[in-house]
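A.B. asks: build me a structure from this.
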Amino acid sequence: MPISKVNKVVLKNGLRLLHSELASSSTVSVALCLEGGSREETESSIGLTHLLEHMLFKRTLSKNTFQLACEIDRLGGDLNASTDTDELVLYADVPGNRFGELLSLLRELVLEPEFRQAELELEKEVILQEISEANDDPDSAAFDLLSKIFWPGSSYGLPVFGTENSVKSLRLEDLNVRLDQLRVGRRMLVSVAGPVSFKVVKESIEDGFEQIEEGKFFQRDRIPVRIDSSRIAKGVEQCHFALGIESASPIDEYFPASLIVSRLLGEGMSSRLFQEVRENRGLAYDISSQIENSLDTAMMLIRANSHPDKIAEIVTIVSNQLADLWKKGPSESEIQLAKESLSAQFRMEEGVSSSLIWRMLESEQLYGRFVSASDFARRVEECTDQEIRNFLKDQSESPVLGCVFAGAIENVDETEVEKLIEELK
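C.D. replies: Okay, the predicted model is just below:
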């Protein structure tokens, strides 16, 4: 699969357009990104951007909720939205010949929404149910609590969808102010991939969005990791263990090394933790590691679910494997297998419109230029043993980590587990 060619143009108002023509694709994918997510919110306003995301789909100046739903279904593809710490994104996949209709709808949702009090109150109830559902899920509850102790005092440590108190307090005025802050050229990126020429896409974006004001850039201040303390969450049915360790962010030179280490530690059936915890000892159905990152901060997240009386043994295994990696490093065969797995994963993205729109957005936000999936695969392949050792050395020297348990924890020996964590530190 050839590496995708990406065109970039910046409109007079600062809007950045990213485009890649995929002539053989039958689908066009579009992402409209408004930079600035929950990291700009406070404890009292947390969840505002996520609520705004929901409200954009409720009503426009010319269409009510049902009419919008019919318009979305008529396109025959998939239209959705998401909010995280750094951005609100509307994204869609539709047949290539419906690009103009899709862009017109996205423009209407973002530039011509109408917020009404009754619909706001209704959507708040929907989000409160979303919060309750997340709190009842042990994975979600543990991760939210781990984030809170990993980034204490920061909006990074708060759930993107807000809390019950913050959501209930949000007003129509708050939505309008937030939308005006986000809906400016310098905070807007549009990413398009599919069988539509750059000329057509550029003219369509200029016609639809050139009239919006320039506004101010999204300012990102790096969020330091400061572990508060280890805590325990109760009230869910399963026992869940989550350990977070400060890791290299995507803008760090050792980010490829961090991906390799996470892969060989706990991603995939051949990884150290999966083999030892599940295959050799049968202690858990699943255990995993992954890099949870925003644009400029990251943690290596290790998770496991098991019976309470097995958690201490699992923590011991995790502690021993990390200590072994930090002291001895991984073997050549482990590194090679992890590299091949990651490289294959990245290369499978090439030529897929729905993957490419996100790759273009992320590259622009991180590096100000396009870094293809194949480029990143090469970065992984060319990552040296010394870079991996340097990453592990940095991580092992006074490691910043947090640990959380959620669920049926009555029989968990907290003293024993805390001792293991302290030994790891």
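
A.B. asks: tell me where the chain has strands.
C.D. replies: In the chain, the segments counted as strands under DSSP state E are 7-10, 16-21, 27-35, 78-83, 87-95, 188-194, 231-233, 240-246, 287-293, 298-305, 401-406.

A.B. asks: low-confidence ranges in the stretch 301-425 of the chain?
C.D. replies: 407-425 (pLDDT under 70).

A.B. asks: show me where it has helices.
C.D. replies: Taking DSSP state H, counting those that start in this stretch as the test, the helices found in the stretch 301-425 of the chain are 311-328, 332-347, 353-367, 373-381, 385-396, 414-424.

A.B. asks: can you say which of those is packed in most?
C.D. replies: Among these, the stretch with the highest mean neighbour count (mean count of other C-beta atoms under 10 Å) is helix 353-367, at a mean of 21. For glycine as for every other residue, the C-beta is placed from the backbone atoms N, C-alpha and C.

A.B. asks: so that one versus strand 87-95, what angle?
C.D. replies: If you take axes from the mean of the first three to the mean of the last three C-alpha atoms, to 10 degrees, helix 353-367 sits at 150 degrees to strand 87-95.

A.B. asks: what's the angle from helix 353-367 to helix 373-381?
C.D. replies: Going by the same axes, to 10 degrees, helix 353-367 makes 60 degrees with helix 373-381.

A.B. asks: which residues does helix 353-367 contact?
C.D. replies: With C-beta atoms under 8 Å, 6 or more residues apart in numbering as the test, helix 353-367 has contacts from 4, 6, 8, 16, 18, 20, 22, 25, 27-31, 33, 35, 86-87, 89, 91, 93, 189, 191-194, 250-251, 295, 349-350, 369-373.

A.B. asks: now that helix against strand 16-21, angle please.
C.D. replies: 140 degrees.

A.B. asks: angle of helix 353-367 against strand 78-83?
C.D. replies: Counting by the same axes, to 10 degrees, helix 353-367 lies at 20 degrees to strand 78-83.

A.B. asks: relative orientation of helix 353-367 and strand 188-194 in degrees?
C.D. replies: Going by the same axes, to 10 degrees, helix 353-367 makes 140 degrees with strand 188-194.

A.B. asks: run the chain-centre distance for helix 353-367.
C.D. replies: Chain-centre distance of helix 353-367: 13 Å, with C-alpha atoms, centre = their mean, to the nearest Å.

A.B. asks: is Phe218 in contact with Gly36, as I believe?
C.D. replies: Yes - Phe218 lies in contact with Gly36 (C-beta atoms under 8 Å); the separation is 4.7 Å.

A.B. asks: so the two - more neighbours on which side?
C.D. replies: Set Phe218 next to Gly36 and count neighbours by other C-beta atoms under 10 Å: Gly36 wins out with 23 against 20.

A.B. asks: please give me every residue in contact with the more buried one.
C.D. replies: By C-beta under 8 Å, 6+ apart, the neighbours of Gly36 are 49, 86-88, 181-182, 187, 218.

A.B. asks: JSON lines for those residues, including distance to Thr42 and pLDDT?
C.D. replies: Formatted as JSON lines, those follow (distance: C-beta to C-beta, whole Å; pLDDT from 0 to 100):
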{"residue": "Thr49", "distance to Thr42": "12", "pLDDT": "98"}
{"residue": "Asp86", "distance to Thr42": "16", "pLDDT": "93"}
{"residue": "Glu87", "distance to Thr42": "18", "pLDDT": "96"}
{"residue": "Leu88", "distance to Thr42": "17", "pLDDT": "98"}
{"residue": "Gln181", "distance to Thr42": "14", "pLDDT": "97"}
{"residue": "Leu182", "distance to Thr42": "16", "pLDDT": "97"}
{"residue": "Arg187", "distance to Thr42": "19", "pLDDT": "97"}
{"residue": "Phe218", "distance to Thr42": "17", "pLDDT": "90"}
